[in-house]
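Engineer: Using only what follows, build the 3D model:
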Amino acid sequence: MTLINTQIHLVSRPQGEPRADNFARVEAPVAALEAGQVLVRHQFLSLDPYMRGRMNDAKSYAEPHPLNTPMIGGTVGTVEQSRHPAFQVGDPVVGMGGWQRYSVVDAQKPGVLRKVDSRLPLAAYLGAVGMPGVTAWYGLTQIMQPQQGQTVTVSAASGAVGGALGQLAKVRGCRVVGIAGGPEKCSYVRDELGFDDCIDYKACPDLKSLHLALKVACPQGIDAHFENVGGQILDAVMLRANAFSRIAVCGMIAGYNGNPLPMANPSLILVNRMRMEGFIVSEHMQLWPQALKELGGLVAQGRLKYRESIAQGLESAPEAFIGLLKGRNFGKQLVLVN
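Structural biologist: Residues are numbered from 1 along each chain as shown. Next up is the predicted model:
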């Protein structure tokens, strides 16, 4: 009996904010496996801000996602069929299966599919022990390089990347201040994730008020910052940054829908001899094993906490993704595919 695969395709490129009609539900038969291939049934799909950039037909660090194909995305699930000796039916695996119920993976290609430890929750491999966690680990250890006692700040602090970043910095003995939207998210960042403080940017409507809030929260200035948002938040951080501070630029979600993000005081980069570096974590795969070892250990010990927002059903992915870009999620945004 032929399996039928449900997929969510990108069918048009958004002009500004994405809409539900940029996507379409498609059903297609699952092809028979060839030698070296594995059939994976997805349990969870990861939704991440970088996907918005891939929807544009514009020059970027990666090619635009092709129309009329399943949207790209990280997935975890189990092996349903296998014609590769390293994978057995029932193995829990993580990969980039995309917005669909099943994926056929050429497991002979290195790195496209990875078996995971079933002792940890499967969904964690899309968050704290997956790409978001490794993103935080890389930015912190390779770019920010904070020393014990230094002050670290992070925007989108209640999200999957920001929450992991702050906790990894606390493990290293830093003072950590998050920036998040709303009192509920700030309370979570302080009380559950253990940050020293958290600033509600929604209560700071202009650059002056946000800078003053940072001045109170960071009396010794800012030594290292992890940027997920850009715009006014980055401008305020730069006003409070110390000499020789380091900024890891992971995302600029404030500009993902085409809004320009001019920098208010670029001269501060020179005045403070700042290091500012953007990075794409998939370009540093040689460091993933080291990062995943630390992240997995901390999760197993209960020292790396995380929260998930789970949308029900593959068909919910477009609206959940739109909500993610508007900050409606709390923690890691997932879709329960089954």
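Engineer: now the helix or strand Val216 falls within: mean pLDDT?
Structural biologist: Under the assignment given by DSSP states H and E, the secondary-structure element containing Val216 is helix 207-217. Predicted confidence along helix 207-217 averages 98 (mean pLDDT).
Engineer: which element follows that helix toward the C-terminus?
Structural biologist: Proceeding N to C from helix 207-217, the next assigned helix or strand is strand 222-227, under DSSP H and E.
Engineer: how about the helices of the stretch 201-338 of the chain, start to end?
Structural biologist: 207-217, 232-240, 267-271, 288-300, 317-325 (DSSP state H, counting those that start in this stretch).
Engineer: Would you mind finding the most buried of these?
Structural biologist: Across the helices of the stretch 201-338 of the chain, averaging neighbours per residue (mean count of other Cβ atoms under 10 Å) puts helix 232-240 on top, at a mean of 22. Glycine gets a C-beta too; all of them are placed from N, C-alpha and C.
Engineer: any idea how far Arg246 is from the nearest residue to Gln150 once chain neighbours are set aside?
Structural biologist: The spatial neighbour of Gln150 that comes closest, neighbours along the chain excluded (Cβ to Cβ, 6 or more residues apart in numbering), is Asp223 at 3.8 Å. Separation of Asp223 from Arg246 (Cβ to Cβ, to the nearest Å): 8 Å.
Engineer: which residues do these two both contact?
Structural biologist: Overlap between the neighbourhoods of Asp223 and Arg246 consists of Pro146, taking contacts as Cβ atoms under 8 Å, 6 or more residues apart in numbering.
Engineer: re the thing from before, of the helices of the stretch 201-338 of the chain, which is nearest Leu113?
Structural biologist: Taking Cβ to Cβ, helix 288-300 is the member of the helices of the stretch 201-338 of the chain nearest to Leu113, at 14.0 Å.
Engineer: Quick one: residues contacting the spatially most central residue of the chain.
Structural biologist: Centroid check for the chain by Cα atoms, centre = their mean gives Pro132 as the closest residue, at 4.1 Å. When contacts are counted by Cβ under 8 Å, 6+ apart, Pro132 touches 48, 126, 159-161, 164, 332.
Engineer: Go again with 10 Å.
Structural biologist: Taking Cβ atoms under 10 Å, 6 or more residues apart in numbering as the definition of contact, the neighbours of Pro132 are 46, 48, 74, 126, 159-165, 250, 281, 295, 306, 331-332.
Engineer: Ala243: neighbouring residues, count only.
Structural biologist: Other residues within reach of Ala243, judged by other Cβ atoms under 10 Å, total 10.
Engineer: And it, how far from Val177?
Structural biologist: Using Cβ to Cβ, Ala243 is found at 19 Å from Val177.
Engineer: thinking again about what came up before, give me the helices and strands touching the helix holding Val216, please.
Structural biologist: Other helices and strands packing on helix 207-217, by 3 or more Cβ pairs under 10 Å, 6 or more residues apart in numbering; DSSP states H and E, are strand 151-155, strand 175-180, strand 197-200, helix 232-240.
Engineer: Export these as JSON lines, with columns for distance to Asp191 and mean pLDDT.
Structural biologist: Shown next, in JSON lines, are these (distance: least, Cβ to Cβ, whole Å; pLDDT from 0 to 100):
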{"stretch": "strand 151-155", "distance to Asp191": "17", "mean pLDDT": "98"}
{"stretch": "strand 175-180", "distance to Asp191": "12", "mean pLDDT": "98"}
{"stretch": "strand 197-200", "distance to Asp191": "9", "mean pLDDT": "98"}
{"stretch": "helix 232-240", "distance to Asp191": "22", "mean pLDDT": "97"}
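Engineer: Any chance of those in CSV with distance to Arg101 as columns?
Structural biologist: Shown next, in CSV, are the helices and strands packed on helix 207-217 (distance: least, Cβ to Cβ, whole Å):
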stretch, distance to Arg101
strand 151-155, 34
strand 175-180, 33
strand 197-200, 38
helix 232-240, 38
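Engineer: Which of these sits closest to Ser60?
Structural biologist: Each of these has some distance to Ser60 by Cβ to Cβ; the shortest is helix 232-240, at 19.2 Å.
Engineer: How far off centre is the closest one?
Structural biologist: For helix 232-240, the separation from the chain centroid amounts to 22 Å (computed by Cα atoms, centre = their mean, to the nearest Å).
Engineer: Go ahead and produce CSV holding the CA coordinates of it.
Structural biologist: As requested, the backbone C-alpha atoms of helix 232-240 are provided in CSV (Å, rounded to 0.1, in the frame of the first residue of the first chain):
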residue,chain,number,x,y,z
GLN,A,232,16.4,50.0,18.5
ILE,A,233,17.5,47.2,20.9
LEU,A,234,20.9,47.0,19.3
ASP,A,235,21.3,50.8,19.3
ALA,A,236,20.5,50.9,23.1
VAL,A,237,23.0,48.1,23.8
MET,A,238,25.7,49.8,21.9
LEU,A,239,25.2,53.0,24.0
ARG,A,240,25.9,50.9,27.1
